[in-house]
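what follows is a predicted structure for the sequence shown.
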Amino acid sequence: MQNESQKFIGVARNAPCPCKSGKRFKHCHGVYRLAQRAIPDAEVAELFRKHQADEMLRKRHQGHGKRMITFVMKDTRFVGVGMRIAYSNRWRFFPDFLLDNLKDVMDRAWGAGAIKSMPDLPLFRWLRRFQQARTEAGPGKPLPYRGYLAAVNRLGYALYLIEHNDKPSKSLITRLKHPNTFDAAAYEALVASAFALAGASIDGAEDAQGNNRKPEFFATFQSGKRYAVEAKRRQKWTAPFNLDSEEFATELGKWLRGKLHAASSKELENPVFWFELGIGTSLDSKSARRLGDLIGKAISDAEDITVKGKPAAPAYVVVTNNSDFADDEAEGGATFALFLGFRMEDFREEKVELEVAMELHDKHREIRRVLECLEEVQQVPTSFDGVPDELLDEHGEPIKTFKIGGQLGYTRPDGTTAFGRITTVTTNENEALAAVYDPETDKAFIIRVPLSEQEAKAAAKLGDAIFGKPTGPHEVITEPMRFYDRMLETHANYQRPYLLRQLEKHPNFPAFEQLSDAELRIRVARETTRQVVTMSDRDTKNAKPQESG
């Protein structure tokens with residue numbers, strides 16, 4: 001494919017401009033020739049890949065909503081929050097800003113009086129515990145994970161995300177200021193921030209018109225689809241938490257059924273119901289699966305609910321458990337989230353053809369993305385600059401690592417030492433293979449680079465993107481829908497000519513040529529997934545059992 005700049009090479013100044021503007025070349029594109037500096041295509045591609053990798057990391061670090069707006073000037077950190085700018089010379093790390101911003105959003109003048117009149121408000125309790133822990137640990141020392149620390153950071157992050165991506169809800173802030181409604185409002189803020197991080201705009205129920213019963217808030221995605229979101233939280237359990245207890249299972253079933261009936265009675269359009277269990281015990285994987293089975297049965301048993309004599313409308317249901325909501329001393333940070341469909345045929349457990357499965361997967365992608373963002377909301381970033389926590393040292397400062405476009409020292413085959421530009425990187429467990437261009441010999445070398453423990457952890461979680469290559473983590477994916485998601489991510493930025501080349505041998509290629517760029521990327525991802533699944537099924541079918549001995 002001809003580079004855009006190549007068609008202007010060798011054109012006479014008085015000749016018609018190749019862009020077909022009707023002007024002479026010297027009065028059109030020729031005007032800019034002297035100001036242009038030829039950049040090798042390889043370097044342009046390298047810069048483009050690095051930009052893609054940085055954007056991939058940003059989305060994993062800051063979500064799919066608005067990017068974080070921040071800069072430092074004269075030792076003062078500035079942070080954009082929605083339509084306003086916050087600043088301070090005391091914010092070293094992102095949580096420092098979140099704590100100050102939380103106090104500003106809640107209103108410092110209100111806080112000065114309220115902390116005396118209602119000291120038991122959970123927010124004030126968390127802040128007291130935080131200040132006590134900071135005093136005991138000393139300045140600059142990391143604090144051990146505890147429920148109160150996670151809770152206050154997460155609430156601050158949630159309020160920042162909601163305002164930065166849309167606008168703060170007046171009713172939400174009001175309810176956060178009252179002991180009787182704080183807990184429910186804090187959970188609502190967590191849920192709303194996950195929607196905001198997923199790229200949805202948030203509208204409080206007080207903004208809705210009409211007298212119909214309203215949800216906690218509305219979330220509208222770029223697709224134009226609007227969801228009505230209910231968020232309810234269990235305050236206290238009568239039965240002790242015991243997965244072998246019939247008493248607990250019965251109480252769980254009754255509570256979920258009651259919440260489903262109450263939420264369904266509002267007759268909301270495109271409803272999403274979020275229910276927080278508030279169990280103060282961190283769950284291991286085995287307990288989480290058993291709890292999931294109990295929840296699934298309770299939701300299934302509740303599908304006979306009626307509203308005004310008719311079956312309740314279908315709804316998405318998300319059941320979560322955040323141990324820090326129920327225990328200030330909770331350790332470990334394990335969270336639980338289960339995504340179900342209430343009276344939704346698409347969620348029935350039955351085998352469907354792969355194309356149908358991918359179509360259904362895309363149909364519910366917006367809410368699935370919110371679930372992914374919920375996990376991200378739980379992990380408050382440490383750095384302002386999008387540096388993954390895995391690449392920060394014990395003081396929160398970025399560690400030195402290598403990246404595409406940077407220089408790498410190495411030994412040539414003849415034993416001499418040199419420095420060359422890194423052109424690509426591929427990681428493999430505890431090492432990376434870096435392709436390095438040597439300008440003196442005009443040759444490329446493959447260099448093995450051992451990874452530090454931190455680099456290996458970051459690469460396992462985020463892939464080669466941490467080194468400037470826009471690819472996710474290297475892992476063997478056996479679940480077809482996860483592989484499909486990876487293919488969508490892989491092809492997200494490929495241009496139309498490349499996408500068409502991937503499909504040119506397909507019998508339906510003439511029809512594929514009529515697709516939009518977005519539809520074409522989906523089709524390439526689906527066809528790639530189909531090929532891999534087909535080959536996997538064939539290999540499994542042809543595999544022969546190995547004799548022991």
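Good, I have the coordinates.

pull out the buried positions in the one helix or strand residue 424 maps to.
Assigned by DSSP states H and E, residue 424 belongs to strand 417-428. Of the residues in strand 417-428, those buried by neighbour count under the rule 16 or more other Cβ atoms under 10 Å are 418, 420, 421, 422, 423, 424, 425, 427. For glycine as for every other residue, the C-beta is placed from the backbone atoms N, C-alpha and C.

distance from the chain centre to that strand, please.
Relative to the centre of its chain, strand 417-428 is centred 29 Å away, using Cα atoms, centre = their mean, to the nearest Å.

partners of the helix or strand just after it, with directions?
For strand 417-428, the following helix or strand on the C-terminal side (DSSP H and E) is strand 431-438. On the basis of DSSP bridges, the sheet neighbours of strand 431-438 come out as strand 417-428 (antiparallel), strand 443-450 (antiparallel).

mean pLDDT and distance to residue 385 added to the ones you listed, as JSON lines?
Below are these laid out as JSON lines (pLDDT from 0 to 100; distance: least, Cβ to Cβ, whole Å):
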{"stretch": "strand 417-428", "mean pLDDT": "86", "distance to residue 385": "20"}
{"stretch": "strand 443-450", "mean pLDDT": "86", "distance to residue 385": "23"}
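
the longest helix belonging to the chain packs against which elements?
Criterion DSSP state H: the longest helix present in the chain is helix 517-542. Helices and strands touching helix 517-542, by 3 or more Cβ pairs under 8 Å, 6 or more residues apart in numbering; DSSP states H and E, are helix 354-363, helix 480-490, helix 496-503.

point out the most buried one among these.
Counting by mean count of other Cβ atoms under 10 Å, helix 480-490 has the highest mean neighbour count of these, with a mean of 18.

alpha carbons only: can I get it in PDB?
Provided in PDB are the C-alpha atoms of helix 480-490 (Å, rounded to 0.1, in the frame of the first residue of the first chain):
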ATOM      1  CA  PRO A 480     -14.600 -19.300  23.600                       C
ATOM      2  CA  MET A 481     -16.300 -16.000  24.700                       C
ATOM      3  CA  ARG A 482     -13.100 -14.900  26.500                       C
ATOM      4  CA  PHE A 483     -11.100 -15.600  23.400                       C
ATOM      5  CA  TYR A 484     -13.700 -13.700  21.400                       C
ATOM      6  CA  ASP A 485     -13.300 -10.700  23.700                       C
ATOM      7  CA  ARG A 486      -9.600 -10.900  23.300                       C
ATOM      8  CA  MET A 487      -9.900 -10.900  19.500                       C
ATOM      9  CA  LEU A 488     -12.200  -7.800  19.600                       C
ATOM     10  CA  GLU A 489      -9.600  -6.000  21.700                       C
ATOM     11  CA  THR A 490      -6.800  -7.100  19.400                       C
END
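
give me the residues contacting that helix.
Here helix 480-490 makes contact (Cβ atoms under 8 Å, 6 or more residues apart in numbering) with 56, 354, 357-358, 361, 471-472, 477, 521-522, 524-526, 528-529, 532-533.

got the contact list for the strand holding residue 424?
By Cβ under 8 Å, 6+ apart, strand 417-428 touches 42, 46, 402-412, 432-440, 444-445, 451, 459, 463-464, 467-469, 474.

okay, now residue 478: neighbour count?
Using other Cβ atoms under 10 Å, residue 478 has 9 neighbouring residues.

what helix or strand does it sit in?
Here residue 478 is assigned to no helix or strand, by DSSP H and E.

ok, it - contacts?
With Cβ under 8 Å, 6+ apart, residue 478 has these contacts: residue 536.

and the pLDDT for it?
Looking at residue 478, its pLDDT stands at 72.

what does residue 497 give?
91.

likewise for the one 5 residues further on?
Per-residue confidence for residue 502 comes out at a pLDDT of 91.

burial of the closest residue to it other than its chain neighbours, as a residue count?
Nearest residue to residue 502 in three dimensions, chain neighbours excluded: residue 524, at 5.0 Å (Cβ to Cβ, 6 or more residues apart in numbering). Neighbourhood size, residue 524 [other Cβ under 10 Å]: 24.

residue 524 against residue 495, yeah?
No. Assessed by Cβ atoms under 8 Å, residue 524 is found out of contact with residue 495, at 11.7 Å.

find residues that contact each of these two.
In contact with both residue 524 and residue 495: no residue, using Cβ under 8 Å, 6+ apart.

now residue 459, what's its secondary structure?
Assigned by DSSP: H, G, I helix; E, B strand; the rest coil, the conformation of residue 459 is helix.

lowest-confidence helix or strand of this structure?
Across the helices and strands of the chain, the lowest-confidence element by mean pLDDT, DSSP states H and E is helix 41-62, at a mean of 67.

any idea which helix or strand comes after it?
On the C-terminal side of helix 41-62, the closest following helix or strand by DSSP H and E is strand 70-73.

buried stuff in the next helix or strand after that next one?
For strand 70-73, the succeeding helix or strand toward the C-terminus, using DSSP H and E, is strand 76-81. By neighbour count on 16+ other Cβ under 10 Å, the buried set for strand 76-81 is 77, 79, 81.

ok, of those, which one's closest to residue 131?
Set against residue 131, the nearest of these by Cβ to Cβ is residue 77 (21.6 Å).

which non-adjacent residue is nearest that closest one?
residue 91 is the one closest to residue 77 (Cβ to Cβ, 6+ apart), at 4.5 Å.

confidence score at that neighbour?
At residue 91, pLDDT is 92.

so it touches residue 78, yeah?
No. Judged on Cβ under 8 Å, residue 91 makes no contact with residue 78 at a distance of 9.6 Å.

where does residue 254 fall, secondary structure wise?
helix 246-264.

buried residues in that helix?
248, 249, 252, 253, 255, 256, 257, 259, 260, 263, 264.

surely the second one and residue 293 touch.
Spelled out, it's residue 249. No. Using Cβ under 8 Å, residue 249 makes no contact with residue 293, being 10.0 Å away.
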